[in-house]
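K.L.:
Structure, please.
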Amino acid sequence: MQDHRHVKPELIASDVDGTLIDDDERISNRTRTAVHAAIADGVPFVLATGRPPRWIGPVVDGLGYAPLAVCANGAVIYDSDADRVLRAETLSIDTLTWVADLAESALPGVGLAAERVGASAHDAATAQFVSSPGYQHAWLNPDNTEVSADDVLAHPAVKLLIRLPGIASSHMIDRLAPLVGDKVDLTYSTNNGLVEVSAPGVTKASGLAVLAEHLGITDSAILAFGDMPNDVPMLTMARHGVAVANAHDAAIAAADEVTASNTDDGVARILERWWN
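P.N.:
Numbering: from 1, shown residues only. The predicted structure is shown next:
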């Protein structure tokens with residue numbers, strides 16, 4: 001394997017939670033300075049996250065910069081500066097219904113939620129996150145609209161969330177993966193009983209490839225940072241994939257290098273090789 005640790009990247013892509021931000025959801029001064037130095041040198045910095053567009057605002061505020069972003073695990077390309085969704089790949093109503101039926105059979109007691117997207121991050125015409133009655137949120141401060149179980153599946157969605165508290169997400173995927181095959185993409189960004197479902201072939205890697213092409217940059221010039229299984233495809237496709245020290249074992253195994261943790265400026269420590 002070729003050592004690309006000191007080859008200057010042409011595009012930097014970073015996961016957000018557990019990677020770019022610390023455990024208090026803040027971006028350190030050191031990280032912000034390193035990112036701005038790269039941008040000033042003409043190297044684009046983009047986000048690649050499981051977050052929806054409407055949760056990018058705090059990251060923009062913390063960075064002091066509005067980047068392009070791969071959102072919803074690759075399903076959405078979002079221009080945070082213009083507040084415009086550039087591209088969205090959705091699960092059809094038929095596919096949502098099929099996956100939901102399988103999940104309810106294989107994992108009795110699951111709750112379902114769907115992430116939808118409008119033309120912008122705060123498109124008032126679109127109920128962007130809907131959940132079934134009794135759905136137990138994996139995140140603090142959910143901004144959902146509770147609807148009937150049927151209504152969760154009634155519109156195309158960029159992501160279906162399958163929730164079962166008390167069981168590891170990895171175990172849920174072990175049960176679901178043989179049933180769904182390659183008809184959808186399954187991943188997780190927390191191991192706390194939550195599986196995230198995207199359209200087939202949609203991952204952070206596929207979304208980042210689209211964004212890189214939009215910028216005229218090849219996969220072989222990308223430096224990528226991540227910490228969870230949903231980052232594995234991106235870490236693998238990039239010329240140089242970096243996992244933070246606090247990363248899941250799967251992300252560490254997929255990475256070319258491990259840096260310091262998200263609370264110890266892991267992203268900045270790598271960027272400072274070129275921009276210090």
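K.L.:
In a helix, residue 86, correct?
P.N.:
No: counting by DSSP: H, G, I helix; E, B strand; the rest coil, residue 86 is not part of a helix but strand.
K.L.:
For it, which non-adjacent residue is closest in space?
P.N.:
Leaving aside its sequence neighbours, residue 86 sits nearest to residue 77 (C-beta to C-beta, 6 or more residues apart in numbering; 4.4 Å). To be clear about C-beta, it is placed using only N, CA and C from the backbone, and glycine gets the same treatment.
K.L.:
residue ranges with poor pLDDT in the stretch 51-200 of the chain?
P.N.:
For the stretch 51-200 of the chain, the stretches flagged by pLDDT under 70 are 141.
K.L.:
Now residue 26: phi and psi?
P.N.:
Here is the backbone geometry of residue 26 (degrees, to the nearest 10): phi -120, psi 150.
K.L.:
need the contact list for the residue nearest to it when sequence neighbours are not counted.
P.N.:
Spatially, and ignoring its direct neighbours in sequence, residue 26 is nearest to residue 62 (6.2 Å; C-beta to C-beta, 6+ apart). By C-beta atoms under 8 Å, 6 or more residues apart in numbering, the contact list for residue 62 reads 21, 26, 27, 32.
K.L.:
again, only using 10 Å
P.N.:
16, 20, 21, 25, 26, 27, 28, 31, 32 (C-beta atoms under 10 Å, 6 or more residues apart in numbering).
K.L.:
what's the answer for residue 272, then?
P.N.:
Shown in contact with residue 272 (C-beta under 10 Å, 6+ apart): 30, 33, 34, 37, 38, 265.
K.L.:
Go again with 7 Å.
P.N.:
By C-beta atoms under 7 Å, 6 or more residues apart in numbering, residue 272 lies in contact with residue 34.
K.L.:
do residue 269 as well
P.N.:
In this structure, residue 269 makes contact with 259, 260, judged by C-beta under 7 Å, 6+ apart.
K.L.:
Mind listing what's buried along the strand or helix carrying the residue nearest to residue 86?
P.N.:
Using DSSP states H and E, residue 77 maps to strand 76-79. For strand 76-79, the neighbour count (16 or more other C-beta atoms under 10 Å) marks 76, 77, 78, 79 as buried.
K.L.:
Make TSV from those residues and add distance to residue 248 to it.
P.N.:
Listed next are the buried residues of strand 76-79 as TSV, based on distance: C-beta to C-beta, whole Å:
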residue	distance to residue 248
76	23
77	25
78	25
79	29
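K.L.:
and which of the residues you listed is nearest to residue 275?
P.N.:
The closest of the buried residues of strand 76-79 to residue 275 turns out to be residue 79 (C-beta to C-beta; 23.9 Å).
K.L.:
Give me the contacts around the helix or strand where residue 197 lies.
P.N.:
Element membership for residue 197 (DSSP H and E) is strand 194-198. Residues from elsewhere that reach strand 194-198 (C-beta under 7 Å, 6+ apart): 50, 73-75, 91, 99, 138, 159-163, 169, 172-173, 176, 184-189, 230.
K.L.:
Rounded mean pLDDT for the helix or strand following that strand, please.
P.N.:
Later in the chain than strand 194-198, the nearest helix or strand by DSSP H and E is helix 204-215. Averaged across helix 204-215, the pLDDT comes to 97.
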